[in-house]
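> My questions are about this predicted structure, shown below with the sequence.
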Amino acid sequence: LAVTRHWWAIRIPLTAIFLVGFDLILDPGAVGLGFWKYEGGGEFYGVPISNFLGWLVSGSIGALLLEMFIAWRKPLLPRPIQLASSSFFIVFFWTALAAFSMMVVPAVIGLAATVSIAAIYLRCRYAFDDMVVLVDENNVPIATARKLPTHDADTPLHRAFSVFIFNEVGELLLQQRAGSKKTWPLVWSNSCCGHVMLHEATADAARRRVKFELGMTGIRLKCILPDFRYRAEKDGVVENEICPVFVGFTTGEPTANADEVEATKWLPWETFVIESARVENVLSPWATVETTLLSKDAEFNRLLDEHTLRS
């Protein structure tokens, strides 16, 4: 616990050492190519030791300022390790140059740095849409966490959304969740649901996932149940979400993403309401509760009458 609490004290010297290592790779090659030179030469392939000491000091100061900024602003996302991809190619280039120039020490340092950067990238990389936003009881973000590990027997409260899409005759688009899903695999549910990224409007998240899962765009979504929240468990995995419910209307057909959706079908809304009310229904629990609430909502029923030709 003490190590975790004072991890910043380890990061600062490590950052400074990495910057010095980077200069140990780059500077000898730059001097060798004639990009610049140091008056009087230097002890390390034409580079003076004082240059590296300067990097050590300035790197430490820079790392300290960065840690102070992080402690002040308390960012909710992990550091974007994606930035390491650019440094990987820079280090690789100067390492290769050192090797071809027979500068053994810079080449060895560069090889170690290249392998380390690649390992860190593979270990720590993440996609922004793979991070769920954890919130308190007032829906205020308090942290972010990776989606799959977060969903377990004690899943913390996080942001999500749910979408119901209807066609012109009042049929609801249903999707069967892909078998690869960690939560409720192969279970039939409403049109689309998903998680909200940090600093993303919930409606934008809904449109993003509708396009990704169903290949559908241009659907105007209306939030009907902005404060919907639920908690459910299946096979030892819990969903615990603040999950606004959106409704949209379309004249198009879905093109399902096989990685997300096993199958789709259209079902008359009235039929779905009856089926979801049965105790033995095999629908997702959130779809069941949301359907009950929507069926009793005056604004929803007005929209359904306004945008569809139900028989």
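On my side now, so go ahead.
> In the stretch 201-311 of the chain, mark out all the helices, start to finish.
202-214, 269-277, 285-295, 298-307 (DSSP state H, counting those that start in this stretch).
> Now do the second one: everything it contacts.
Spelled out, that is helix 269-277. With contacts defined as CB atoms under 8 Å, 6 or more residues apart in numbering, helix 269-277 is touched by 166, 170-172, 174, 267, 281, 283, 287-288, 291-292, 295, 304, 310. Where you see a C-beta, it was placed from the backbone N, CA and C, and this is true even at glycine.
> Dump it to CSV, restricted to CA.
The C-alpha trace of helix 269-277 is given here as CSV (Å, rounded to 0.1, in the frame of the first residue of the first chain):
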residue,chain,number,x,y,z
TRP,A,269,-44.4,-3.4,-29.8
GLU,A,270,-47.6,-4.6,-28.2
THR,A,271,-46.4,-8.2,-28.6
PHE,A,272,-43.1,-7.4,-27.0
VAL,A,273,-44.7,-5.7,-24.1
ILE,A,274,-46.8,-8.8,-23.4
GLU,A,275,-43.8,-11.1,-23.7
SER,A,276,-41.6,-9.0,-21.5
ALA,A,277,-44.2,-9.0,-18.8
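> tell me the angle it makes with helix 298-307.
If you take axes from the mean of the first three to the mean of the last three CA atoms, to 10 degrees, helix 269-277 sits at 150 degrees to helix 298-307.
> I'd like the average pLDDT over helix 269-277.
Averaged over helix 269-277, pLDDT sits at 96.
> Where does pLDDT dip in the protein?
The model of the chain has pLDDT under 70 over residues 1-5, 310-311.
> again, 80 this time
1-6, 79-85, 279, 310-311 (pLDDT under 80).
> Domain-wise, how is it divided?
Segmentation of the chain into domains, based on automatic domain parsing, reads 2-125, 130-307.
> what about the longest one, start to end distance?
Meaning domain 130-307. With CA to CA, to the nearest Å applied, domain 130-307 spans 34 Å between its terminal residues.
> do stretch 62-82 as well
20 Å.
> Now do that stretch: everything it contacts.
By CB under 8 Å, 6+ apart, stretch 62-82 touches 8, 11-13, 15-16, 19, 120-121, 124-126, 128, 131, 133, 141-144, 198.
> do that again at 10 Å, thanks
By CB atoms under 10 Å, 6 or more residues apart in numbering, the residues outside stretch 62-82 that reach it are 7-9, 11-19, 55, 117, 120-128, 131, 133-134, 141-146, 197-199.
> okay, the domains of the chain in CSV with mean neighbour count next?
Formatted as CSV, these follow (neighbours: other CB atoms under 10 Å):
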stretch, mean neighbour count
domain 2-125, 15
domain 130-307, 17
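> So His183: helix, strand or coil?
One thing to correct before we go on: residue 183 is Thr, not His. Using DSSP: H, G, I helix; E, B strand; the rest coil, the structure places Thr183 in coil.
> Who's the closest spatial neighbour of Asn139, skipping the chain neighbours?
Spatial nearest neighbour of Asn139, chain neighbours left out: Ile242 (5.3 Å); criterion: CB to CB, 6 or more residues apart in numbering.
> How about the contacts made by the closest residue to Ala258 other than its chain neighbours?
Nearest non-adjacent residue to Ala258, counting by CB to CB, 6+ apart: Ala178, 7.2 Å away. Residues counted as contacts of Ala178 (CB under 10 Å, 6+ apart) are 185-186, 213, 256-263.
> One more pass at 8 Å, please.
Contacts of Ala178 (CB under 8 Å, 6+ apart): 185-186, 258-262.
> ditto for Phe166
172-173, 247-250, 269, 304, 307-308.
> With distance to Ile90 as extra columns, can I get these in JSON lines?
Shown next, in JSON lines, are those (distance: CB to CB, whole Å):
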{"residue": "Leu172", "distance to Ile90": "52"}
{"residue": "Leu173", "distance to Ile90": "48"}
{"residue": "Val247", "distance to Ile90": "49"}
{"residue": "Gly248", "distance to Ile90": "46"}
{"residue": "Phe249", "distance to Ile90": "51"}
{"residue": "Thr250", "distance to Ile90": "47"}
{"residue": "Trp269", "distance to Ile90": "57"}
{"residue": "Leu304", "distance to Ile90": "57"}
{"residue": "His307", "distance to Ile90": "54"}
{"residue": "Thr308", "distance to Ile90": "57"}
